[in-house]
Every structure is written in structure tokens, then in C-alpha cells.
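1. Return a 3D structure for these sequence lines:
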Amino acid sequence: MGQIITAYLATAAVFLAIDAVWLGKVATRFYFDRIGHLMMDKPNLGAAAIFYLLYVGGLVFFAVLPALKSESIWTAVVCGAVLGFIAYATYDMTNYATLRNWPLEVVFVDIAWGAFLSAVSAAAGYVITNKLLS
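-> Residues are numbered from 1 along each chain as shown. Next comes the predicted model:
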């Protein structure tokens, strides 16, 4: 149980920190210029919190714990990237299929971001958990 909690907290810290920089500083203009007309003045923090809680749990279950079992950072990287690709593609392709004028550019950037962020967060969660529990 200690391993799961440590992995969850480590992965969450990395995921939230990197995503906060991406959404708050790096990609703000990118998203606003393309889908700003759809964005709320203030995000629904409750919904965001639920997403982060669930998604980090998925990363731990599908990427970090298998990496710890196999003792391979590459398991974390690959499984994290695959999960990120699938999850972000589900969101973006659904929007592209159902929302009028959802930009294809947003689809590609967002899916790439999800795969990258998930791979890095899972790898970091693996490394931090290994260091703290060894």
C-alpha cells in the first residue's frame, strides 16, 4: 500500500506541476486563439480536480506500477505515452467529431501533449518512488 500511495503522490506532483506550466504559461495563447470562444472565464475547478485524481490513478495503475514490477523506466515511458495518447485522443477526436469548427491543429497538439506529459509523469513517478522506497 505504501508503494501505491508513494507512486500516486509522486506522479501527481509531477503531472500537476508540468501541466500547470503548460496550461498557465506555454499554451495559453495557443488554446485561446483557437478555442477561446468555447472557454469559460474561470475553469470548473471541481471537474478539473476529478479529472486529475482519476487520470493520475490511471497512470499509476497502467504505467508506474507495471514499471516498478518490471524494474524498467521504459515500461513507465511507453505505457504512460500510450495511455496519454489514447486518453487525449478520445477527448480530442470526440470534440473534432461533434463540435463545429474544432481545430485539427488543436487535436494534434493536444494528443502529442497528452502522450508526452503522461510519459514524463509516469517515468518521474517511477524514479521518485524507486528512490524513496529503496
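
2. longest helix of the chain?
-> Secondary structure of the chain per DSSP state H: the longest helix is helix 104-133.

3. Could you list every helix and strand in contact with it?
-> For helix 104-133, the packing partners by 3 or more C-beta pairs under 8 Å, 6 or more residues apart in numbering; DSSP states H and E come out as helix 2-21, helix 28-35, helix 45-59, helix 65-70, helix 73-98. Glycine gets a C-beta too; all of them are placed from N, C-alpha and C.

4. Now do the buried residues in that helix.
-> Neighbour-count burial for helix 104-133, counted by 16 or more other C-beta atoms under 10 Å, picks out 106-107, 109-111, 113-130.

5. for stretch 63-75, same thing?
-> 63-68, 75.

6. what about that stretch, how long is it end to end?
-> 7 Å (C-alpha to C-alpha, to the nearest Å).

7. just how off-centre is that stretch within its chain?
-> Distance, stretch centre to chain centre, for stretch 63-75: 17 Å (C-alpha atoms, centre = their mean, to the nearest Å).

8. Does Asn101 belong to a helix, a strand or coil?
-> What DSSP: H, G, I helix; E, B strand; the rest coil gives for Asn101 is coil.

9. how close does it get to Arg34?
-> 9 Å (C-beta to C-beta, to the nearest Å).

10. which residues are contacting the helix or strand of the chain with the lowest mean pLDDT?
-> The weakest-scoring helix or strand in the chain, judged by mean pLDDT, DSSP states H and E, is helix 28-35 (a mean of 95). With contact meaning C-beta atoms under 8 Å, 6 or more residues apart in numbering, helix 28-35 is reached by 23, 39, 102-103, 105-106, 109.

11. If we go by neighbour counts, what in it is buried?
-> By 16+ other C-beta under 10 Å, the buried positions in helix 28-35 come out as 31, 34-35.
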